[in-house]
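**Q** The sequence and its predicted three-dimensional model are supplied below.
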Amino acid sequence: MDVIKTLAVDIGGSGIKALVLDEAGEPLSERDRIKTPKTATPEAVMDVIKTLVEQQGEFDRVSVGFPGVVREGVIYTAVNLHPDWEKIWKKYDLAGELSQIVGKPVRVANDADLQGLGAMQGKGVELVATLGTGIGGALFTNGHLVPNLELGHNKFRKGQTFEEQLGRAAAKKISRKVWNSRLLKAIELWERVFNYDQLYLGGGEVKHIEIDLPENVTVVPNVLGLIGGIKLWK
């Protein structure tokens, strides 16, 4: 039986990554990463994906994680990609455009949702928070995704959002101690709001974590954002 190969693409605010996986989520290629264009228009992002496609070799289908709200492969928000995202990204048919380019079926979902699909165990209430350029969130109940959860742009403290207090820009401006203190306050708030059984923390900024986390909070590797692309087809 032929192995179905999935090209998993993760579009982030600072980098775009790609990896070919088998049906069990095992890597069939080396992970490639290219910096996200400073002017991240749809055309510029698609050019990067084209380059990654050429580097990754053969595949049968594509899964894409995108930093924003996605409905049926169409983009509805892209706050962390371009300041004029409403003009150039809103209602952009990423799945359709990419499928035409590569000649393969394409599915697109929010990047935190894909991270969650890779991390969650399917038991009880599981929350995923991705700490990167922005703050993403995904919520699962007994393995079922609650779609389009908005976490990062909700108010957190001192009139600022979780993203403004914990995102990459904030992490560069404040000390590690202050950032970790804010993260602990965020975790305490998320637990009160969502009453989760397990919280998974992912994203590039988890490297700054220096505090002892509660027993039901786990740091997960970023590659799960790619591996979650397999479950997008199930």
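**A** Thanks, I have it. Since the structure is predicted, the reported quantities are computational estimates derived from the model, not experimental observations.
**Q** Okay, buried residues for the strand or helix carrying residue 118 please.
**A** Per DSSP states H and E: residue 118 is located in helix 111-119. The neighbour-count check on helix 111-119 (16 or more other C-beta atoms under 10 Å) flags 111, 112, 113, 114, 115, 116, 117, 118, 119 as buried. (Each C-beta comes from the backbone N, C-alpha and C, glycine too.)
**Q** List the buried residues in the longest helix along the chain.
**A** Counting by DSSP state H, the longest helix found in the chain is helix 176-194. Neighbour-count burial for helix 176-194 flags 179, 182, 183, 184, 186, 187, 190, 194 (criterion: 16+ other C-beta under 10 Å).
**Q** Check stretch 141-150 too.
**A** 145, 149.
**Q** Touching it from outside, list them.
**A** 69, 71, 110, 112-113, 116-117, 120-126, 137-140 (C-beta atoms under 8 Å, 6 or more residues apart in numbering).
**Q** and with 10 Å instead?
**A** Identification of contacts with stretch 141-150 by C-beta atoms under 10 Å, 6 or more residues apart in numbering yields 69-71, 76-77, 109-110, 112-113, 116-117, 120-128, 135-140, 194, 196-197, 231.
**Q** In ChimeraX, how would I select the buried members of those?
**A** Restricted to buried positions by 16+ other C-beta under 10 Å, the ChimeraX selection for these reads:
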select :69,70,76,77,109,110,112,113,116,117,120,126,127,128,135,136,137,138,139,140,194,196,231
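**Q** element containing residue 17?
**A** Following DSSP H and E, one finds residue 17 within strand 15-21.
**Q** Only the buried residues of that strand, if you could.
**A** Buried residues in strand 15-21 (16+ other C-beta under 10 Å): 15, 16, 17, 18, 19, 20, 21.
**Q** wait, isn't residue 121 in contact with residue 216?
**A** No: with contact defined as C-beta atoms under 10 Å, residue 121 does not reach residue 216; the gap is 12.0 Å.
**Q** Show me the common contact partners of these two, please.
**A** 197, 198.
**Q** And the helix holding residue 118, what does it pack against?
**A** The elements that helix 111-119 packs onto, with contact taken as 3 or more C-beta pairs under 10 Å, 6 or more residues apart in numbering; DSSP states H and E, are strand 6-11, strand 61-66, strand 106-110, strand 125-131, strand 135-141, strand 144-146, strand 198-202, helix 224-231.
**Q** Would you convert those into a markdown table that also reports distance to residue 87 and mean pLDDT?
**A** What follows is the helices and strands packed on helix 111-119, written out as a markdown table (distance: least, C-beta to C-beta, whole Å; pLDDT from 0 to 100):
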| stretch | distance to residue 87 | mean pLDDT |
| --- | --- | --- |
| strand 6-11 | 19 | 95 |
| strand 61-66 | 17 | 96 |
| strand 106-110 | 20 | 96 |
| strand 125-131 | 26 | 96 |
| strand 135-141 | 23 | 95 |
| strand 144-146 | 29 | 93 |
| strand 198-202 | 30 | 97 |
| helix 224-231 | 27 | 87 |
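**Q** With distance to residue 175 added, can I get the ones you listed in a markdown table?
**A** Compiled in a markdown table, the helices and strands packed on helix 111-119 are given as follows (distance: least, C-beta to C-beta, whole Å):
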| stretch | distance to residue 175 |
| --- | --- |
| strand 6-11 | 29 |
| strand 61-66 | 31 |
| strand 106-110 | 31 |
| strand 125-131 | 16 |
| strand 135-141 | 19 |
| strand 144-146 | 35 |
| strand 198-202 | 19 |
| helix 224-231 | 28 |
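**Q** Many thanks, have a good one.
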